[in-house]
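Asks: Let me see the structure of the following:
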Amino acid sequence: MSRSEEDMLHELFKDSRTAQEQVSESLLNEAALKGTARAQRSKNSIRKVVRWTGVGATLFVILLFISLRMSESSTPIAPQSLPTPILFKAEPEVIASIKSNSAWLQAANQGLYQPIHRTQENKGYKVTVSGVLADNRRLIIFVTTTKLSGVALHRERATFTDRNHTSLDASYAPFLETTTLPNGSTRTRGYYVLDFYGQQQTPDMLNINLWGADSETSIDRELVRLQLNVDASRFIHLDQVIRSNQRLLLNRHDIAFNRLIVGPLHSELELTYLDTIQESIHSFIKPHLSIGTQTFPFQGSAQSSSASGPNHLFFESIYYVDHSAVTFQADGWIQNTAQSMTMKLNTDTKQLIQVPDGRTTIKDVIHNTDYLELQFSVEKEENSQAALSSQFVIAQQYTDASGKVYQAISPDPSPGFPYAFTEDSNSKRRYLYHYFIKNISYNQPLTFTPSSYPGISLIQPIHIQLKKAEDRK
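Replies: Here you go, the predicted model:
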């Protein structure tokens, strides 16, 4: 290869690299292809001016073959893709969390991350909200709490309320990590993910309330309350709606898949149970959305059971991928067999008076200084691949015989969760559900309501095409 040709190709490769640096990620491949095509056209134009004569032509062919083989091993290849750039400003720990989810990163880059930078401190306990990432149904709050050395607190937990201090109609999950600092203080960093169901959407104002219990008295008290303002105008008009109008017959169940609502941070499948069978569908087994070879898993801690009106399943967002063809898939479903979703227990006598069915028994009521530990023995779902936490869960509020409402508590060392799961040492087919309440005198019996209860697993592959490629509008 002549020096002038090599220089020209070098310049063309520089053009391609320059284009890659100047355009967004979605245009990188296009820029690289354009640079390569331009180089190919230039090589062709150079070769056209070579005169093919006798021995000189033969010698040129040999030299050209050698030079091309050498260029294959020495010419750098333009990268096909580069890491998505960070186009928003936030603390390093916030950026690291957002980068862990490609949809979150795309959403933040498009202006859905909102800096908050609010801090409040109370008697050695400090909380800082760095910012939020939100769309119409999902709100992610990035938070740091610091507890000074010597502050005697435990059972720290968060609650979320609206402007009227009413609990939000949302499920939430904490993703937090605690470290001990050299000065003896403890710092907790991470985020809370709030998913809004039913008629509730991400509010433009909410309160985050941090609670804890004094180690001496074990009395819960509100430590800090921070008001957060969310600019809903950034995302309120971003949802895309895919109308499906597909029907699914499962055994005697008739299910209508109405539409799929796609937001930057979530995908929401709306469906209606048209049957009136008492043994309703409790949940689907491993539900997910499928686009080509990509899978977008179910998100959230519960699924809607059979009831009047539309129900909703929430999945990871497909907003930033080509969703011209979308399929709902599951390995089967779990059929509810409970006759009544009510449990009555006398914690003084350890007598279980009422249960949904015979698969749940009371193993023990353990008295601790701060709390009562109720141990329920529950039969595992046959052939179920679902996590125990999706099979049997008792709502966090319970009542006494007079109707007074109480709140379950979170004992150490598991702050934030008023329940836990362990294996039942007496049977491999059963497990123990540990539920924690205040150790006080109650008007017996107590009433508990399971928000999720084991059913019968029915394995049958489900495949519903919500949108075909030719349906694109």
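Asks: Helices of this protein, start to end?
Replies: 3-22, 28-48, 54-74, 92-99, 102-107 (DSSP state H).
Asks: which residues touch the fourth one?
Replies: Looking back up the chat, that one is helix 92-99. The contact list for helix 92-99 (Cβ atoms under 8 Å, 6 or more residues apart in numbering) reads 86, 90, 104-105, 108, 113, 130-131, 133, 142, 144, 175, 189-191. For glycine as for every other residue, the C-beta is placed from the backbone atoms N, C-alpha and C.
Asks: which of those residues lies closest to residue 254?
Replies: Taking Cβ to Cβ as the measure, residue 254 lies nearest residue 104 of the contacts of helix 92-99, at 36.6 Å.
Asks: Could I get the contacting residues of that closest one?
Replies: Per Cβ under 8 Å, 6+ apart, neighbours of residue 104: 97-98, 133, 140, 265.
Asks: do the same with residue 231
Replies: 114, 204.
Asks: Relative to residue 355, how far out is it?
Replies: As for residue 231, its distance to residue 355 is 47 Å (criterion: Cβ to Cβ, to the nearest Å).
Asks: Please apply the same query to residue 449.
Replies: 12 Å.
Asks: Wait, residue 127 touches residue 144, no?
Replies: Yes - if you go by Cβ atoms under 8 Å, residue 127 and residue 144 touch, sitting 7.3 Å apart.
Asks: Let me know the pLDDT of residue 378.
Replies: At residue 378, the model reports a pLDDT of 88.
Asks: Check the gap between it and residue 342 for me.
Replies: For residue 378, the distance to residue 342 - Cβ to Cβ - is 16 Å.
Asks: same thing with residue 404?
Replies: 17 Å.
Asks: who's more crowded, the two?
Replies: residue 342 (14 against 10; other Cβ atoms under 10 Å).
Asks: Tell me who's in contact with that one.
Replies: Here residue 342 is in contact with 354, 356, 447-449 (criterion: Cβ under 8 Å, 6+ apart).
Asks: List phi and psi for it.
Replies: Note on residue 342: its backbone torsions stand at phi -140, psi 140 [degrees, to the nearest 10].
Asks: Looks like residue 352 contacts residue 362 (just checking).
Replies: Yes - using Cβ under 8 Å, residue 352 is in contact with residue 362, at 4.2 Å.
Asks: Overlap in contacts, these two.
Replies: residue 345.
Asks: Residue 167: how many residues sit nearby?
Replies: Neighbours of residue 167 using other Cβ under 10 Å come to 11.
Asks: Hmm, it is touching residue 158, no?
Replies: No - contact criterion Cβ under 8 Å: residue 167 and residue 158 do not qualify, at 11.8 Å.
Asks: got any ranges where the chain has weak pLDDT?
Replies: 1-82, 154-155, 215-218, 276-279, 300-309, 337-339, 381-391, 412-417, 469-473 (pLDDT under 70).
Asks: can you list the domains in it?
Replies: Structural domains assigned to the chain are 3-74, 92-234, 240-333+458-471, 343-454, following automatic domain parsing.
Asks: Let me see the contact set for residue 352.
Replies: With Cβ under 8 Å, 6+ apart, residue 352 has these contacts: 343-345, 360-362.
Asks: what do you get if the cut-off is 10 Å, keeping everything else the same?
Replies: Residues counted as contacts of residue 352 (Cβ atoms under 10 Å, 6 or more residues apart in numbering) are 343-346, 360-363, 374, 376, 445.
Asks: Sort out which one of these lies nearest residue 397 for me.
Replies: Taking Cβ to Cβ as the measure, residue 343 is the one of those closest to residue 397, at 13.0 Å.
Asks: The closest one: what's its closest spatial neighbour, skipping adjacent residues?
Replies: Closest residue to residue 343 apart from its sequence neighbours, by Cβ to Cβ, 6 or more residues apart in numbering: residue 448 at 4.4 Å.
Asks: So the one you found sits against residue 405, correct?
Replies: No - Residue 448 sits out of contact with residue 405 when judged by Cβ atoms under 10 Å, with a separation of 11.9 Å.
Asks: With neighbour numbers in mind, choose between the two.
Replies: Taking neighbours as other Cβ under 10 Å, residue 448 and residue 405 compare with residue 448 leading, 23 against 8.
Asks: need the contact list for residue 447.
Replies: By Cβ under 10 Å, 6+ apart, the contact list for residue 447 reads 342-345, 353-354, 398-401, 403.
Asks: do that again at 7 Å, thanks
Replies: 342, 344, 398-399 (Cβ atoms under 7 Å, 6 or more residues apart in numbering).
Asks: most neighbours, which of the residues you listed?
Replies: Result: residue 398 is most packed of these (other Cβ under 10 Å), 21 neighbours.
Asks: Across the sheet, point out what pairs with that one.
Replies: residue 406 (DSSP bridges).
Asks: roughly how far apart are it and residue 160?
Replies: 21 Å.
Asks: Could you do residue 366 as well?
Replies: From residue 366 to residue 160 the distance is 31 Å (Cβ to Cβ).
Asks: Mind checking which of those two has more residues around it?
Replies: A direct count of neighbours by other Cβ under 10 Å for residue 366 and residue 160 places residue 160 higher, at 18 against 13.
Asks: hey, what's the more buried one bridged with?
Replies: residue 208.
Asks: Please tell me I have it right and it contacts residue 195.
Replies: No - counting by Cβ atoms under 7 Å, residue 160 stays clear of residue 195, with 11.6 Å between them.
Asks: Residue 363 against residue 432, yeah?
Replies: Yes - counting by Cβ under 7 Å, residue 363 does reach residue 432; the two are 6.5 Å apart.
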